[in-house]
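Engineer: Sequence below, structure please.
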Amino acid sequence: MVVFNGLLKIKIREAINLKPTAWSLRHAVGPRPQTFLLDPYIALNVDDSRIGQTSTKQKTNSPAWNDEFVTDVCNGRKIELAVFHDAPIGYDDFVANCTIQFEDLLQNTSKHFEDWEACSDVRSEGSGLV
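Structural biologist: As a prediction, this is how the structure comes out:
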């Protein structure tokens, strides 16, 4: 198994057309899915360690963050991005997630990787420097 050791720099750009889950609609009043706007943020993990969280964007299903995170990684296997709705009551609601394997990123023979990743409507731009 390929692992990553080095400096990880990742910029969370945007999410497009996020859909509220049935659970996040439980407190909604009025016409539900058509007009319900989320208060989304992204939690960023490397393997099982939280390395950051974006700011919360209010009342949008297509948020733009442009938040950047830099961390040292030792024996990293995957990057996980999880979108949550900042719920006013109780726990925050899961919306979408994306997992990117370092092995897939490192197949590029360069020491620098920069590209758009799109999965589960989450887009991020990342680079790893060895």
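Engineer: in the chain, which spans are strands?
Structural biologist: 4-15, 40-46, 49-53, 64-76, 78-85, 93-101, 116-119, 122-129 (DSSP state E).
Engineer: ok now the third one, how far from the chain's centre?
Structural biologist: Yep, that's strand 49-53 we're talking about. Averaging C-alpha positions (CA atoms, centre = their mean, to the nearest Å) puts strand 49-53 10 Å from its chain's average.
Engineer: So for it, what gets flagged as buried?
Structural biologist: Neighbour counts over strand 49-53 (16 or more other CB atoms under 10 Å) mark 51, 52, 53 as buried. Where you see a C-beta, it was placed from the backbone N, CA and C, and this is true even at glycine.
Engineer: Include distance to residue 19 and pLDDT when you put the residues you listed into JSON lines, please.
Structural biologist: Shown next, in JSON lines, are the buried residues of strand 49-53 (distance: CB to CB, whole Å; pLDDT from 0 to 100):
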{"residue": "51", "distance to residue 19": "26", "pLDDT": "96"}
{"residue": "52", "distance to residue 19": "24", "pLDDT": "96"}
{"residue": "53", "distance to residue 19": "21", "pLDDT": "97"}
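Engineer: Nearest to residue 11 among these?
Structural biologist: Comparing these against residue 11 with CB to CB picks out residue 52 as the nearest, at 11.1 Å.
Engineer: Leaving out sequence neighbours, find the closest residue to the closest one.
Structural biologist: Leaving aside its chain neighbours, residue 52 sits nearest to residue 69 (4.2 Å; criterion: CB to CB, 6 or more residues apart in numbering).
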